[in-house]
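> No letters, just coordinates:
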């Protein structure tokens, strides 16, 4: 009988000790922690405002001059997971190539004209625009450093490229894409001995999210 009373006393004391140490709330706290850790950022896909977006290009004739200009965005979308870009794509209208630089002679005799440059860029020497009226970039994922990988398609050729210096601010996503033109059969070389056309073409991209 005494033994039974002693066991009951020890059990009651143990219960009071656990209650006073907050043992009853431990499972609740663990559940809250698990909920917080497993919360996933919302994934949202939004259209890109093509008219408010821009793609600026730069091509260089090493040691002589550079040409730069714009090309119009035709359509696009971006998929975001929190503040990270996880997908999307955009298409540009190759017939909209517009040079903005001033590297032309007044009469066009020595350095050509803007019209001559556009004509050459549109030809089979460069982008063969009649057969390939658009170019596109499809995002495949983001890297730890914030850069974005994707598939660039020009003249029907597709290669993996990386957009660097990616920034997201005020509803605009910007970045820089530099690609080797020869990987896309844009293979023309200058016939002049001292003029070397750089293989790298730089695109500075600003995509404005619609709405």
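Received it, and whenever you're ready, just let me know what you need. Values in this document were obtained by computation on a predicted structure and should not be read as measured data. Numbers count the residues shown, from 1 in each chain.

> pLDDT weak spots in this protein?
Residues of the chain that meet the criterion pLDDT under 70 lie in 1-40, 63, 106-111, 192-195.

> Okay, and the beta partners of the residue nearest the centre of it?
By C-alpha atoms, centre = their mean, the mean C-alpha position of the chain lies nearest to residue 148, the distance being 4.6 Å. For residue 148, the beta-bridge assignment (DSSP bridges) gives partners residue 142, residue 163.

> Same check on residue 87?
Partner residues in beta bridges with residue 87: residue 79, with DSSP bridges as the criterion.

> ok, now which ones touch it?
By C-beta atoms under 8 Å, 6 or more residues apart in numbering, the residues touching residue 87 are 45, 78, 79, 139, 140, 141. Using the backbone N, CA and C atoms, a C-beta is placed for each residue, glycine as well.

> Which of the residues you listed sits closest to residue 61?
Out of the contacts of residue 87, the one with the shortest distance to residue 61 is residue 139. That distance is 31.3 Å, counting by C-beta to C-beta.

> for residue 95, helix, strand, or coil?
State at residue 95, reduced to three classes by DSSP: H, G, I helix; E, B strand; the rest coil: helix.

> Spatially, what comes nearest to it if we skip its sequence neighbours?
The spatially closest residue to residue 95, leaving aside those adjacent along the chain, is residue 129, at 5.7 Å (C-beta to C-beta, 6 or more residues apart in numbering).

> That neighbour and residue 93 touch, don't they?
No. Under the criterion of C-beta atoms under 8 Å, residue 129 makes no contact with residue 93, lying 9.4 Å away.

> Does residue 104 lie in a helix or a strand, and which?
If you go by DSSP states H and E, residue 104 is not part of any helix or strand.

> any residues touching stretch 138-152, and which ones?
Taking C-beta under 8 Å, 6+ apart as the criterion, the residues outside stretch 138-152 that touch it are 78-79, 84-89, 135-137, 153, 158-166, 175, 177, 179, 184.

> so who does residue 130 touch?
With contact taken as C-beta under 8 Å, 6+ apart, residue 130 is in contact with residue 122.

> got a list of what residue 59 touches?
When contacts are counted by C-beta under 8 Å, 6+ apart, residue 59 is found next to 66, 67, 68, 197, 198, 201, 202.

> tell me which element it falls in.
Counting by DSSP H and E, the secondary-structure element that holds residue 59 is strand 54-62.

> re the thing from before, residue 129 and residue 93 - which one has more neighbours?
For residue 129 versus residue 93, the count of surrounding residues by other C-beta atoms under 10 Å is larger for residue 129: 20 against 17.

> any idea how far residue 197 is from that one?
Separation of residue 129 from residue 197 (C-beta to C-beta, to the nearest Å): 18 Å.

> how many other residues sit next to the residue nearest to residue 159 when sequence neighbours are not counted?
Once its chain neighbours are removed from consideration, residue 159 has its nearest residue in residue 183; the separation is 5.2 Å (C-beta to C-beta, 6+ apart). The number of residues packed near residue 183 is 15, by other C-beta under 10 Å.
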